[in-house]
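Enquirer: Give me a model of this one.
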Amino acid sequence: MPAISATPALYILKTGSTLPALAAAHGDFEDWITQGLTGTPLDIRVLDAHACTAANWQWPERSAMAGLVITGSHDMVTDGADWCLRCEDWLRSLAEQDLPLLGICFGHQLLAQALGGQVAPHPAGLELGTVPVDAQRAAALDPLWHDLPARFQAHAVHYQSVRRLPAGAQVLAANPHEPHHGFRWGAHAWGVQFHPEFDALVMQAYVDHVRHSLHSHALSSADTSEWPVCSTPWAARLLPRFAHYAHQQLLTDTAPQSCTA
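Expert: Below you'll find the model as predicted:
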């Protein structure tokens, strides 16, 4: 059973772990997200999504939460694991209660599916490395995206994709490979297919891992020159912006209401 915060906290839903060697040396998804949320006055708490199938499991109450970030995972949303389905039900409920949500990669896909979208293997296969991402028209009015440049670099590693967005969702970012690199549903729920929490070291580790895997499977002739890695300062800004947004929403929700005569 997760610990309950006395005041609303910013939660991270840990849906998986990174490469074991990378985790041992540099931390895991939730550690990088916590670093990215730097500067928030909110307490940050981590929930293990896989634990939700325990008999005595209780999700935190909405009133105990200021926001939720859903991590990436090496699992596939399309596998339909029981813990995934339970998380989907919870995420749908939180979205309907207007809790600020941010899904990253697998978390982006899980959130989209929970809200009625469709996830499937990408027909063009793997997207890997530091890739250009183009902000779409709706981004200009979005509280997290509004002053990001028209094009910026972001780290990506995914085989599956949100092939159909939930009804009413707005596309915030895309590129030639991935038409749904970012979306918003309602006023407070966002998903990004890329990884704002990755730095260049982490991204390079994934590129090296895939290269090694191709070599091990006698596929070393594959063209890996299209997997560049560089820094992604604009993409990284989404995490502290989300934390600021969640905190501001909390202050608005808890502000005393004025009385009228």
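
Enquirer: Low-confidence regions, the stretch 151-261 of the chain specifically.
Expert: Low-confidence segments of the stretch 151-261 of the chain, defined by pLDDT under 70, span residues 215-225, 255-261.

Enquirer: again with the stretch 1-150 of the chain
Expert: Low-confidence regions of the stretch 1-150 of the chain, defined here as pLDDT under 70, cover residues 1-6.

Enquirer: got the residue ranges for the helices in it?
Expert: With helices called from DSSP state H, counting those that start in this stretch, the stretch 1-150 of the chain shows them at 20-26, 29-36, 82-96, 106-114.

Enquirer: what does the first one rub up against?
Expert: What it means is helix 20-26. Among residues not part of helix 20-26, those counted as contacts by C-beta atoms under 8 Å, 6 or more residues apart in numbering are 17, 201-202, 205. No exception for glycine: its C-beta is placed from N, CA and C like everyone else's.

Enquirer: Now for the closest residue to residue 134 other than its chain neighbours: which residues touch it?
Expert: Nearest residue to residue 134, sequence neighbours excluded (C-beta to C-beta, 6 or more residues apart in numbering): residue 151, at 5.2 Å. For residue 151, the contacting residues are 132-135, taking C-beta under 8 Å, 6+ apart as the criterion.

Enquirer: Name the member of the residues you listed that has the highest neighbour count.
Expert: Within the contacts of residue 151, neighbour counts (other C-beta atoms under 10 Å) peak at residue 133, which reaches 27 neighbours.

Enquirer: Quick check: it touching residue 179?
Expert: No. The pair residue 133 / residue 179 is not scored as a contact, 11.4 Å apart, by C-beta atoms under 8 Å.

Enquirer: what about the strands in the stretch 151-261 of the chain?
Expert: Taking DSSP state E, counting those that start in this stretch, the strands of the stretch 151-261 of the chain run over residues 151-158, 160-164, 170-174, 182-185, 189-192.

Enquirer: Can you say which of the ones you listed is packed in most?
Expert: Scoring those by mean neighbour count under mean count of other C-beta atoms under 10 Å gives strand 189-192 as the most buried, with a mean of 27.

Enquirer: now the helices of the stretch 1-150 of the chain as CSV including mean neighbour count?
Expert: Formatted as CSV, these follow (neighbours: other C-beta atoms under 10 Å):
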stretch, mean neighbour count
helix 20-26, 12
helix 29-36, 21
helix 82-96, 17
helix 106-114, 28
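
Enquirer: Dump those to a markdown table, plus distance to residue 212.
Expert: Conversion of these to a markdown table gives the following (distance: least, C-beta to C-beta, whole Å):
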| stretch | distance to residue 212 |
| --- | --- |
| helix 20-26 | 11 |
| helix 29-36 | 21 |
| helix 82-96 | 28 |
| helix 106-114 | 22 |
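
Enquirer: Could you find the closest non-adjacent residue to the spatially most central residue of the chain?
Expert: In the chain, the residue lying closest to the centroid (C-alpha atoms, centre = their mean) is residue 104, at 1.4 Å. Of all residues not flanking residue 104 in the chain, residue 72 sits nearest, at 5.4 Å (C-beta to C-beta, 6+ apart).

Enquirer: so what's the one you found up against?
Expert: Residues 15-16, 29, 104-107, 195 are the ones in contact with residue 72 under the rule C-beta under 8 Å, 6+ apart.

Enquirer: cool, and residue 131?
Expert: Listed by C-beta under 8 Å, 6+ apart, the contact set of residue 131 reads 153-156, 175, 177, 194.

Enquirer: Now tabulate the strands of the stretch 151-261 of the chain in CSV and tack on distance to residue 213.
Expert: Putting the strands of the stretch 151-261 of the chain into CSV (distance: least, C-beta to C-beta, whole Å) gives the following:
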stretch, distance to residue 213
strand 151-158, 12
strand 160-164, 17
strand 170-174, 28
strand 182-185, 28
strand 189-192, 25
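
Enquirer: Quick one: closest of those strands to residue 82.
Expert: Counting by C-beta to C-beta, residue 82 lies closest to strand 160-164 out of these; the figure is 18.8 Å.
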